[in-house]
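**Student:** show me how the following folds:
(2 chains)
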Amino acid sequence: MKKSLCFYFQIHLPFQFRRFRFFDIGNSHEYYDDFNTRTALQKAAEQCYLPMNKVLSDIIKEYGQQFKVALSITGETIEQLEMYAPQVLKSFQELANTGSVEFLCETYSHSLAFLKDEHELDRQLLKQAETIKKYFGQYPQTVRLTGLIYSDQIGERIAKLGFKAMITEGAKHVLGWKSPNYLYNNACNSDLKILLRNFHLSDDIAYRFSDRSWDQWPVTGEKFSEWLHEVDKHEEVVNLFMDYLTFGERHTKGSGIFEFMRYLPQEILKRGDFEFQTPSEIIKKHDAKAPVHVPYPISWSEEERDLSIWLGNDLQNDAFNSLCELGVKVSFANDEELTRDWERLQDSDNFYYMGTKWLTDGSTRRFRNVYSSPYDAYINYMNVLSDFILRVEEIVNLKIKDLLGNKKYAGKLEGIVSLSQDRYTPLQIKKAVEALKEELNLDPVQRSEKAAKTKKSITEDVKKTPKKPTKAKNK
Amino acid sequence: MKVLMFGWEFPPHISGGLGTACYGLTKGLVQQDVEILFVMPRASGDEDGSIGRIINASDVNMPDSISSTDSFWSNISFLPVDSGLIPYLGWEEYAHIAQISQGSERTNFTHLGGKFTFSGKYGANLMEEVMRYAYIASKIAAENEFDVIHAHDWLTYLAGIVAKRISGKPLVVHVHATEFDRSGENVNRTVYDLERMGMEHADSVITVSNLTRDIVINRYGINKNKVVTVHNAVDFSGKETVASQKVLKEKVITFLGRITFQKGPEYFIEAAYKVSKVCPNVRFVMAGSGDMMNKMVRRVAKLRMGTKFTFTGFLTGDDVHKMYAQSDVYVMPSVSEPFGISPLEAMRMGVPTIISKQSGVSEVLKHAIKVNFWDINALADAMYGLVTYPTLATALQGEGTAEVNALNWDDSANRVKAVYESVMA
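**Tutor:** Coordinates of the predicted model:
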């Protein structure tokens, strides 16, 4: 039996916040720096997305179904592409149409909130799955979370949503003597399969490729396929997972990274001991060898493979906890704009900017920090968050007062909230939501399913209405 | 009466309260028919010339001879050794700069005539600028007619002493801050020595508060009979306040100033934490920057009150007034403040104010709440009272504004003039 080789690339760009000053709190609700967001996107599109998409599509043209790759692209990034670079979105869609590309699911806004808020995890995953379906015509089966974060508990939750597999880091401190080159399953639910990143071979491409001080430099297709060949003959799966910006941004065009990737499949297929597969093919072909036990969350970042680059200091924890506390209220408010800002505030990059770890180690950064210091990042984020909290409180207050004014609901809310309060605790809102669950349809999962259904019918309607008249006009 | 005055900064280009105080005082003195020659290291030309003649030390042409330098050196053989030092900065930054300049010998400048260009800032080669300033002062003193010499803060004391030696006229030194205010107990010996030398050579020492007067007497060993307190005042003329609406529904309690040891920012944060536990509807603002800022940000994050506590960074011009307009309470918890003008600005904008008893301004104000800087319970109490009891806030507002508007530089200038007269007699 041939071994499986799985390439997966991560695509995410955050919405960047503008300089939000104290005087803006309560005064302005415009949080974003469109110019910076757009500039970053265009740079990434020019240096990485477009040339690398071209490389992938050339490979697929040559080898057809023999070559497979998995991509995950956050909903936020899709939004940006649609606004600022539709041609890039189109080139991803063309890749999707080849049938050689599997799109994975993740949180819509590259969030970390799932560490505290399971409802938000469900909501964002389902929203993302619908988005992928809408743009790329496939409903994802496999989940990766921000930073490849994974734990037994998270895996169990994701299995409940009906996903078949998750991918995460083949962290040494979790695996011990075990090899990442097999398929594993979740420790609580054996139906959920786990694919583990081979960090050694992945980082040979992702980090070391252009490092001239490395004794293996330069890496060629022959050399890399030789390394793959050296994998133990009993092992079954090699997972090479990396950020898409590896191509063109971390390793510039001049490093030869595009040529390397273009001709690597040729070398690998020539040897014949590997076949390219996507995660959902791998879980069909191979059996899980054992459960993998991950009691505490792991990730693919830093040496420690933990959460410390996002939640490693007081600045990050204060910001993150303050944000997560709002979940119940935002969900209760059920306001479109509020939800949009709430999602963007969750973007893990916001917390990454507040990291102080880079003060000692600045080697392998995904982005250059857009703030002058972690303190600066924290101050700006908290200013935005302060304004956001004011908005949330205002809408929640109005809504509660509304419900209390309605005889139908007032009885059920009695003893939970009262008119005389000018601020409600998250616990009160939670109780109120539970009391009125039936009447208000407040369950996030149900709601997003319903919303998805209505959206689907809308998009179908749009498709059905022929665009011919406009075309005719153009002609 | 004609005064030769040495200053280091003057509006509009200022970095602290010294320039503002010099401006107010000189304007007051002009009203008293005192003629002023104001010397500063670097004038930009947009200073208010109505106060008298401003001499830009960067514009003074020095004679082209070694002997003039030599005679200058022989005159001031008492000069302390050079060191890179910066007033108004914390010791951490100082240690950093000291490390950079380690090994540099005494800068024995030789000068071949022409002009010196001063930065007029508080840079790393400050000590050298202080000496050059004194050197130029020797020429200015020789060429101009005057009755009294008046030097503001230690940077200009040396120039004052040199001018006194050359002209034989009496010297008044004006203490706006001492090294103990800037550095706590870790005083810089060189600065301390310069300060004491200036005070000892002076015929009279003016301090901006009794607090400072006590320091001058007790810690510099100056004869108390020649130390006089003349409180600062504040000049609001020509500064119309910008109309600005308060947007936040929350109560806002503000700290505005440099975030340094001297200003006591940590006491503000600890008291804020106590208040925030009982009053959720209060926002705390720390406006300004300084060497303790990052430490304060970390402390706020550690207390998990980031959504209730905002840092604005350094504010300038109109933003300062906008900040006061957004504030319900102003707090100045200074550990050591020779005078402190900002509470007066806040009170004028109708903001009830809490000040520490360790500030000179507390000697002139009646309608402000005064606490010991270290007493965070008392500070929290005062904050709580002002945001919870509207009557208290309204009372302080009305009385405070009236009190501040009654202060003016004329009284202070009058007293300074009296000092001049006493030393001339």
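**Student:** so which residues on chain B come close to chain A?
**Tutor:** B:247-249, B:280-281, B:283, B:285, B:287, B:293-294, B:297-298, B:300-302, B:304-313, B:319, B:322-323, B:326 (Cβ under 8 Å from any Cβ of the partner chain). Glycine gets a C-beta too; all of them are placed from N, C-alpha and C.
**Student:** for PyMOL, write a command that selects the buried ones of those residues.
**Tutor:** Here is the PyMOL selection string for the buried members of the residues of chain B next to chain A, based on 16 or more other Cβ atoms under 10 Å in any protein chain shown:
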select buried, chain B and resi 247+248+283+285+287+293+294+297+298+300+301+302+304+305+306+307+308+309+310+311+312+313+319+322+323+326
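**Student:** in strands, which of the residues of chain B next to chain A fall?
**Tutor:** B:R283, B:V285, B:A287, B:F309, B:T310, B:F311, B:T312, B:G313 (DSSP state E).
**Student:** export those residues as a markdown table, with columns for pLDDT.
**Tutor:** As requested, these are arranged in a markdown table below (pLDDT from 0 to 100):
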| residue | pLDDT |
| --- | --- |
| B:R283 | 96 |
| B:V285 | 96 |
| B:A287 | 94 |
| B:F309 | 96 |
| B:T310 | 95 |
| B:F311 | 95 |
| B:T312 | 94 |
| B:G313 | 90 |
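**Student:** out of these, which two are the most distant from each other?
**Tutor:** Maximum pairwise distance among these (Cβ to Cβ): 16.2 Å, between B:R283 and B:G313.
**Student:** what stretches of the chain score poorly on pLDDT?
**Tutor:** Since you didn't name a chain, this refers to chain A. Residue ranges of chain A with pLDDT under 70: A:358-369, A:441-475.
**Student:** wrong one, I was asking about chain B
**Tutor:** In chain B the weaker segments, taking pLDDT under 70 as the threshold, are B:15-16, B:63-124, B:237-243.
**Student:** domains in it, as residue ranges please.
**Tutor:** Using automatic domain parsing, the domain parsing of chain B gives B:2-235+B:409-424, B:251-406.
**Student:** of all those, which one is nearest A:F9?
**Tutor:** Nearest to A:F9 among these is domain B:251-406 (34.5 Å), distances taken as Cβ to Cβ.
**Student:** quick one: end-to-end distance for the closest one.
**Tutor:** Its first and final residues considered, domain B:251-406 spans 28 Å by Cα to Cα, to the nearest Å.
**Student:** using CSV, write down the CA coordinates of the helix or strand harbouring A:D204.
**Tutor:** Using DSSP states H and E, A:D204 sits within helix A:199-206. The C-alpha coordinates for helix A:199-206 follow below in CSV (Å, rounded to 0.1, in the frame of the first residue of the first chain):
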residue,chain,number,x,y,z
PHE,A,199,6.8,19.2,12.1
HIS,A,200,10.2,18.1,11.1
LEU,A,201,9.5,17.8,7.4
SER,A,202,6.9,20.6,7.4
ASP,A,203,9.4,23.1,8.9
ASP,A,204,12.1,22.0,6.5
ILE,A,205,9.9,23.8,3.9
ALA,A,206,8.1,26.3,6.1
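**Student:** outside of it, which residues touch it?
**Tutor:** For helix A:199-206, the surrounding residues in contact (Cβ atoms under 8 Å, 6 or more residues apart in numbering or on different chains) are A:169-171, A:180, A:216, A:219, A:224, A:227-228, A:238-243, A:246, A:250, A:260, A:300.
**Student:** mind listing what's buried along that helix?
**Tutor:** For helix A:199-206, by 16+ other Cβ under 10 Å, it's A:F199, A:L201, A:S202, A:D203, A:D204, A:I205, A:A206.
**Student:** about what we covered before: return the subset of the contacts of helix A:199-206 lying in helices.
**Tutor:** A:F224, A:W227, A:L228, A:F260 (DSSP state H).
**Student:** which one of the residues you listed sits closest to A:I73?
**Tutor:** For the ones in helices among the contacts of helix A:199-206, the nearest to A:I73 is A:F260 (22.6 Å; Cβ to Cβ).
**Student:** just checking, the closest one touches A:G221?
**Tutor:** Yes. Using Cβ atoms under 8 Å, A:F260 is in contact with A:G221, at 6.4 Å.
**Student:** can I get stretch B:294-310 as PDB, trimmed to CA atoms?
**Tutor:** The C-alpha trace of stretch B:294-310 is given here as PDB (Å, rounded to 0.1, in the frame of the first residue of the first chain):
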ATOM      1  CA  ASN B 294       4.700  50.000  30.500                       C
ATOM      2  CA  LYS B 295       4.800  48.900  34.100                       C
ATOM      3  CA  MET B 296       1.500  50.600  34.700                       C
ATOM      4  CA  VAL B 297      -0.100  49.000  31.700                       C
ATOM      5  CA  ARG B 298       1.000  45.600  33.000                       C
ATOM      6  CA  ARG B 299      -0.400  46.400  36.400                       C
ATOM      7  CA  VAL B 300      -3.800  47.300  35.000                       C
ATOM      8  CA  ALA B 301      -3.800  44.100  32.900                       C
ATOM      9  CA  LYS B 302      -2.900  42.100  35.900                       C
ATOM     10  CA  LEU B 303      -5.800  43.600  37.900                       C
ATOM     11  CA  ARG B 304      -8.000  42.700  34.900                       C
ATOM     12  CA  MET B 305      -9.500  46.100  34.700                       C
ATOM     13  CA  GLY B 306      -8.400  47.000  31.100                       C
ATOM     14  CA  THR B 307     -11.900  47.600  29.900                       C
ATOM     15  CA  LYS B 308     -12.400  50.200  32.700                       C
ATOM     16  CA  PHE B 309      -9.000  51.800  32.500                       C
ATOM     17  CA  THR B 310      -7.700  53.700  29.500                       C
END
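**Student:** centre of the chain to it, how far?
**Tutor:** Offset of stretch B:294-310 from its chain centre (Cα atoms, centre = their mean, to the nearest Å): 28 Å.
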